[in-house]
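1. Predicted coordinates and the sequence they were generated for:
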Amino acid sequence: MTELIAQIDDLRIHRPRFELDGVSLQVPRGAVVGLVGPNGAGKTTTIRAMLGLVAADSGRIRVAGHAPGDPAGLARVGVVLDQPAAAPEWRVAALGRRLAPFHARWDHDLLARTLDRLRVPTGGRVGELSRGQGVKLSMALALAQQPELLVLDEPSSGLDPAARRELVDVIREFMLDETHGVLLSTHITTDLDDLADALVVIADGRVAHADAMPDAVEAFAMARGAGAPPTEHVLGVQRAGAQWAGLIRIDDSAAFGPDVVIDPATIDDLVIHLAGERAEVAA
Ligand SMILES: Nc1ncnc2c1ncn2[C@@H]1O[C@H](COP(=O)(O)OP(=O)(O)OP(=O)(O)O)[C@@H](O)[C@H]1O
């Protein structure tokens, strides 16, 4: 059986205007798990609960065999969140010296190499870095801990195309060790096409779809037609004038006539139309 490095079962968090409603996901060792979904779907809330940064109302979370927030578990997790990884007044060049005492396996050489490779300026203070440079710094600091699990919440946001490619390469190298795992939340879904071993789509506080890649995407297709959309088999129908488009299960393709065009689906299609499906169910 595949060993899990992180596991979330039936996580529920109640907020005044939001419900995380029974989210379950698993990160096996050796796997990159992509976490996708529309704005406000609950991705960051799930990640924060996993790290012990927000309290769960119910559910079970284990990270490297420990409860969320347990220092023994966190010591094995490198994190890139949507906020700076260090105080703005700290000198970038001094970060290794400042942070190493808090991490048993800190690798100064790896930090220097990653900062150099990602072209992070090391001559100034953290607060002087651009948003993208700050993300790269967070990534370098996360890797310097030599974690077993990397948890990345929208690391690509603010990165230029070349830097995004570098980031994907860095993740690939991290995964050369088959005991490692990655949970990667992103809106740049094309980054996941060749990288993710599994996909979890969250919509409106629930897991709308989860499967291994590429099956997670290839189980679906996009159907497009004109006139009244079919009432069966089409998920999250969207209309533009006389045209309609929706997601279908590939197994249902035969239910459509020649007037319906069927194309392969993308991860974006899943995010858009499975979320639309949830909205229609809720309406
Ligand atoms: N501290 C908070 N108090 C109350 N509600 C919150 C809090 N943080 C987040 N929320 C709400 O929880 C919901 C889920 O937010 P979350 O940040 O998890 O979404 P997300 O999927 O990460 O979205 P995005 O893609 O925009 O980053 C949103 O409706 C948000 O307004």
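-> Received, thanks.

2. Spell out which residues of the stretch 151-283 of the chain are next to the ligand.
-> Within the stretch 151-283 of the chain, no position is near the ligand by Cβ under 6 Å from any ligand atom. Placement of C-beta: from N, CA and C, glycine included.

3. tell me the domain boundaries of this structure?
-> Using the TED database, the domain parsing of the chain gives 4-212, 216-280.

4. Please work out which of those domains is packed deepest.
-> Neighbour counts averaged per stretch over the domains of the chain are highest for domain 4-212, at a mean of 18; criterion: mean count of other Cβ atoms under 10 Å.

5. How far off centre is that domain?
-> Relative to its chain's centre, domain 4-212 lies at 8 Å (Cα atoms, centre = their mean, to the nearest Å).

6. Can we start the residue count at 2 from this point?
-> Happy to do that; since the first residue is 2 now, the last one works out to domain 5-213.

7. Start and end of that domain, how far apart?
-> For domain 5-213, the first-to-last residue distance is 14 Å (Cα to Cα, to the nearest Å).

8. Quick check: bridge partners of the residue nearest the centre of the chain?
-> Relative to the mean C-alpha position of the chain, the nearest C-alpha, by Cα atoms, centre = their mean, is the one of residue 186, at 1.5 Å. Legend: beta-bridge partners of residue 186 under DSSP bridges are residue 36, residue 154.

9. how about the helices in the stretch 152-284 of the chain?
-> Ranges of helices within the stretch 152-284 of the chain are 162-175, 191-194, 216-219, 268-283, based on DSSP state H, counting those that start in this stretch.

10. which one of these lies closest to residue 72?
-> helix 162-175 (22.0 Å; Cβ to Cβ).

11. For that closest one, which helices and strands make contact with it?
-> Secondary structure elements in contact with helix 162-175, counted by 3 or more Cβ pairs under 8 Å, 6 or more residues apart in numbering; DSSP states H and E, are helix 109-118, helix 132-145, strand 150-154, strand 182-186, helix 191-194.

12. Of the ones you listed, which is nearest residue 266?
-> That would be helix 191-194 among the helices and strands packed on helix 162-175, by Cβ to Cβ, at 12.1 Å.

13. The closest one - contacts with which helices or strands?
-> Counting contacts by 3+ Cβ pairs under 8 Å, 6+ apart, the secondary-structure elements packed against helix 191-194 are helix 162-175, helix 268-283.

14. nearest spatial neighbour of residue 252, skipping sequence neighbours?
-> For residue 252, ignoring the flanking residues on the chain, the nearest one in space by Cβ to Cβ, 6 or more residues apart in numbering is residue 220 at 7.9 Å.

15. Run a quick check on the one you found versus residue 212, I expect a contact.
-> Yes. In terms of Cβ atoms under 8 Å, residue 220 counts as a neighbour of residue 212; the distance is 6.7 Å.

16. Which helix or strand in this protein has the lowest average pLDDT?
-> Of the helices and strands making up the chain, the lowest-confidence element is helix 268-283, at a mean of 77, by mean pLDDT, DSSP states H and E.

17. Which of the domains of the chain comes out lowest on mean pLDDT?
-> Taking each of the domains of the chain in turn, the lowest mean pLDDT turns up on domain 217-281, with a mean of 90.

18. circling back to that earlier point, in contact with the residue nearest to residue 252, which residues?
-> 212, 250, 251, 252 (Cβ atoms under 8 Å, 6 or more residues apart in numbering).

19. at 10 Å instead, please
-> Taking Cβ atoms under 10 Å, 6 or more residues apart in numbering as the criterion, residue 220 is in contact with 210, 212, 250, 251, 252, 266, 271.
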